[in-house]
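> here is my input; please provide its structure:
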Amino acid sequence: MNISKRTGLHLSLSIIVFYWLYELFVIKQNGITDGNFSSLVVRIIINKVIHLTVIVLLLKIEKDRWGDMGFRLKNWRKQFLTGIFIGFTMFLLFNIGLTSILNSIFPVPATSKNILTYFSEPRNLYIWLAIGIFGGGVVEEVVRIFMLTRFQKKFGHAGLYFALVFSSFLFGAGHLYQGIGSAISTGISGLILGYLFIRRNSAIEIITIHAFSDVLAILAAFQLASHHNF
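Numbering: from 1, shown residues only. Just a heads-up that it's a prediction; the model follows:
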């Protein structure tokens, strides 16, 4: 079946809007529920694989290329090192700085403390690192880039910045189970990641930023969990 690029774009936009509604009214009500570590990992893997598969298929339908989403191998080392530096800076500013300040203002729910139980076993470290790098850094940023570029293609700058703000709001809302402070901090960090992509058009950079920041956050969570008895 031969689908035109315009029809493919409309299909992508429809799926994005459906995804937003689903995230807003279904997923965000649940967060991370109690359960064993294995079932949590399986849910995360299935979720990320589905996200990535859908985007690959939609790009194929639209006859679009990864290069059109900012994936450039030229000067990849510079993009990677820049991402490492910005990722470290954002970890300090948001995970340690802003989140700590906001959590002192807004009460942290008990569920946020319970999440540390998933980081209490040292043998789980490498699994979490893989999730942070692939699930957080790669998949979440590919999803962000896909949404931004689809709205830009259809609605220009107005659509681009609408997608940036709304997707960042959802990104923050997805962390409400960690408390209002974490949700606000995460939403702002998502806004900055999206803006950096708009300004620099480098997928490698923002993937590295997100992945490296997640790696540092995971290491910090294991360190914090080691000082608690579960």
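> every contact and neighbour count from this point should use C-alpha atoms.
OK.
> SS state for the residue most central in space within the chain?
The centroid of the chain falls nearest to Glu140 when counting by C-alpha atoms, centre = their mean (3.7 Å). Classification of Glu140 using DSSP: H, G, I helix; E, B strand; the rest coil returns helix.
> what of Met147?
The three-state assignment at Met147 reads helix, by three-state DSSP.
> what about it, neighbour count?
Using other C-alpha atoms under 10 Å, Met147 has 22 neighbouring residues.
> again, but for Ala211
Around Ala211 there are 28 other residues, counting by other C-alpha under 10 Å.
> where does it fall, secondary structure wise?
Here Ala211, judged by DSSP states H and E, is contained in helix 203-225.
> which ones are touching Tyr161?
Contacts for Tyr161 (C-alpha atoms under 8 Å, 6 or more residues apart in numbering) come out as Leu148.
> any idea how far it is from Thr149?
Going from Tyr161 to Thr149 by C-alpha to C-alpha, to the nearest Å gives 10 Å.
> on that earlier part again, pLDDT averaged over the helix holding Ala211, what's the number?
Helix 203-225 shows a mean pLDDT of 95 in the predicted model.
> how far away from the center of its chain is that helix?
11 Å (C-alpha atoms, centre = their mean, to the nearest Å).
> show me what it is packed up against.
Contacts defined by 3 or more C-alpha pairs under 8 Å, 6 or more residues apart in numbering; DSSP states H and E place helix 203-225 against helix 76-90, helix 125-130, helix 141-173, helix 180-200.
> redo that, cut-off 6 Å
With contacts taken as 3 or more C-alpha pairs under 6 Å, 6 or more residues apart in numbering; DSSP states H and E, helix 203-225 sits against helix 76-90.
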